[in-house]
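S.K.: Pasting the sequence and the predicted model now:
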Amino acid sequence: MLGLLLDLDWNEWFAALLFGVALDIDHLFAAPGYIGRNGFGAILAPTWDDGSGAVWRSFLHYPVGVFVVMPLAIGWRLMLPLVFWASHLSIDYLQSATLAHSALVESAFLLLVCSGIFALGYYRWRVAYGHNGLVAYVVHIKVMLRSYIVGSRDTIRGTAGRI
């Protein structure tokens, strides 16, 4: 939602997703050991702290990660990595602070973010096209998704036909 509010271009989206989302790739490396010790069902537990002392987060999930992110942000002359990394850490902190109520808090946060994305899209659509009404906006989304899917399917068919 932050990326939509900032109206990022493609290059900025890359930096935002790299430092805001792809940062969690380290969990995939720790998951096999965790599953081996605790079983597959333990992934759904409110916390991954199984008392083994095994690290399942890299140092980028802690404030010391600023020593990696800040030089990259300065080198790229772009503060977006720092902004999205800090927002990722804030969300991780919120999750850790509310582990007892994790499912409820995460569900509320997801609902809030989805509502914000929908509201921002509706506002932009209303300004761009001058229309009002949620039904018309939902129809617009349906048409856009359909044209995107059909266009992607035609592109795949065209590429497959040349092979």
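M.R.: Looks like it arrived, so ask away.
S.K.: so where's the chain shaky on pLDDT?
M.R.: Within the chain, the ranges that satisfy pLDDT under 70 run 43-56, 99-103, 152-163.
S.K.: Centroid-nearest residue for it?
M.R.: With distances taken as C-alpha atoms, centre = their mean, residue 21 lies nearest the centre of the chain, 4.8 Å away.
S.K.: And that one, how close does it get to residue 27?
M.R.: 12 Å (C-beta to C-beta, to the nearest Å). Glycine gets a C-beta too; all of them are placed from N, C-alpha and C.
S.K.: thinking again about what came up before, quickly find the element holding the closest residue to the residue nearest to the centre of the chain other than its chain neighbours.
M.R.: With sequence-adjacent residues excluded and distances taken as C-beta to C-beta, 6 or more residues apart in numbering, residue 21 is closest to residue 88, at 7.7 Å. In this structure, residue 88 sits in helix 80-97 according to DSSP states H and E.
S.K.: Return the list of helices and strands in contact with the helix or strand following that helix.
M.R.: Following helix 80-97 in sequence order, the next helix or strand is helix 102-129 (DSSP H and E). Helices and strands touching helix 102-129, by 3 or more C-beta pairs under 8 Å, 6 or more residues apart in numbering; DSSP states H and E, are helix 2-6, helix 80-97, helix 134-162.
S.K.: Just name the most buried of those.
M.R.: Highest mean neighbour count among the helices and strands packed on helix 102-129 (mean count of other C-beta atoms under 10 Å): helix 80-97, with a mean of 17.
S.K.: before we move on, the earlier item: ok, the residue nearest to residue 21 - contacts?
M.R.: 19, 20, 21, 23, 24, 61 (C-beta atoms under 8 Å, 6 or more residues apart in numbering).
S.K.: From those residues, list the buried ones, please.
M.R.: For those, a burial check counting by 16 or more other C-beta atoms under 10 Å picks out 19, 20, 23, 61.
S.K.: you'd agree the first one is up against residue 69?
M.R.: If I follow you right, that is residue 19. Yes: using C-beta atoms under 8 Å, residue 19 is in contact with residue 69, at 6.5 Å.
S.K.: Give me the common contacts of those two.
M.R.: Taking C-beta under 8 Å, 6+ apart as the criterion, residue 19 and residue 69 both touch 81, 82, 85.
S.K.: Which residues are in contact with the first one?
M.R.: Contacts here follow C-beta under 8 Å, 6+ apart; on that basis residue 81 touches 15, 16, 18, 19, 69, 72, 73.
S.K.: Distance check, it against residue 69.
M.R.: Distance of residue 81 to residue 69, computed by C-beta to C-beta: 5 Å.
S.K.: That'll do, ta.
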